[in-house]
Every structure is written in structure tokens, then in C-alpha cells.
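Trainee: Need a 3D model of the following:
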Amino acid sequence: MTKILNIYIKRPLLYDLFICSFIVFCIEYFQILTLTVSLDSAKSTISDVVNTSISLAGFILAALTIIVTFKDNITHKEKSDPAKNSVEASGFELIFSSKHYKRIVGVFSWAAIIYILLFLIFSSRCQIFLYPEELKDA
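Mentor: Numbering: from 1, shown residues only. Next up, the predicted model:
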């Protein structure tokens, strides 16, 4: 089980995409589940997804800003007080001075990019799909 988790953790987005695609394919091919969704319900759902994605992207960018600010503050504190013993380092100082800091920032950056792309895709493409009569009038 640990070996499977180690393989999954290396590329979780790829494996999640594969698993979800497989599930959707099985549902569509074997017609396990049939849903009828009204156009108004689809418009409302897509609007909610767009609003949620932009809110989450803003939250993640704010969290990323806080993390980078903490890192800069700790770096500045180390330069101003070199006599401080490394045994007294706090948890934040240990995280931000370790090799995992770059991975933490990378995860937050990718999450923000994904949410912003979701916002852009859903806000532009779905309006063309859901509101074709309004585009003909323009």
C-alpha cells in the first residue's frame, strides 16, 4: 500500500485526471447513470463554479503571499541576529529554511494557476455554450 501511495504522490494530478476520466467513460459507456439537467440548473451550477474558483484562487494567492512574507521576515531576522543559536529555531523557521519550502510554494502556485484557468475556461467557454442566442444578437 505504501508503494502505491508513493507512486501516486509523485504525480497526483495526472493520476486523478486518469481516474476521473475512467469513471466518466464507464458511466457513459455502460450508461450506469442517466441525468437530465435543465438549462437553468446548468447555468446556475457553472456560475457557482466560476465564482468559487476565483474566490479560491484569491485565497491561495493570499496564503502564498503570507508564506513568502514569513520567509522574507525569517531571512531578515537571521541576518540581523547571527548570534542566535539554531537550537532555538521555531517550526516556521525550520520549514522555511528546509528544502520543502520550494515545494510548498510550488504547490500553492500550481493551485492558484489551476483555479485561475478554471475561472477563465468556465467564464468564457461556457457562456458560448450556454448563451448562444445572446451571441447571435451581438
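
Trainee: ok, which stretches of the protein are strands?
Mentor: For the chain, no strands are identified by DSSP state E.

Trainee: Can you give me the domain boundaries for it?
Mentor: 1-35, 37-137 (automatic domain parsing).

Trainee: For the last one, what does the pLDDT average out to?
Mentor: Per-residue confidence for domain 37-137 averages out to 75 on the pLDDT scale.

Trainee: can you count the residues close to residue 49?
Mentor: 15 (other CB atoms under 10 Å). C-beta here means a position set from N, CA and C on the backbone, and glycine is covered the same way.

Trainee: and what of residue 113?
Mentor: Count around residue 113 with other CB under 10 Å applied: 12.

Trainee: Distance-wise, check residue 105 relative to residue 72.
Mentor: 12 Å (CB to CB, to the nearest Å).

Trainee: Would you state the helices of this structure in chain order?
Mentor: Using DSSP state H, the helices of the chain run over residues 2-10, 12-29, 39-80, 91-96, 100-130, 132-137.

Trainee: re earlier: more crowded one of residue 105 and residue 72?
Mentor: Set side by side, residue 105 and residue 72 show more neighbours around residue 105, with 15 against 11, by other CB under 10 Å.

Trainee: Might you report the residue contacts of the residue nearest the centre of the chain?
Mentor: Nearest to the mean C-alpha position of the chain, counting by CA atoms, centre = their mean, stands residue 111 at 2.6 Å. The neighbours of residue 111, taking CB atoms under 8 Å, 6 or more residues apart in numbering as the test, are 56, 60.
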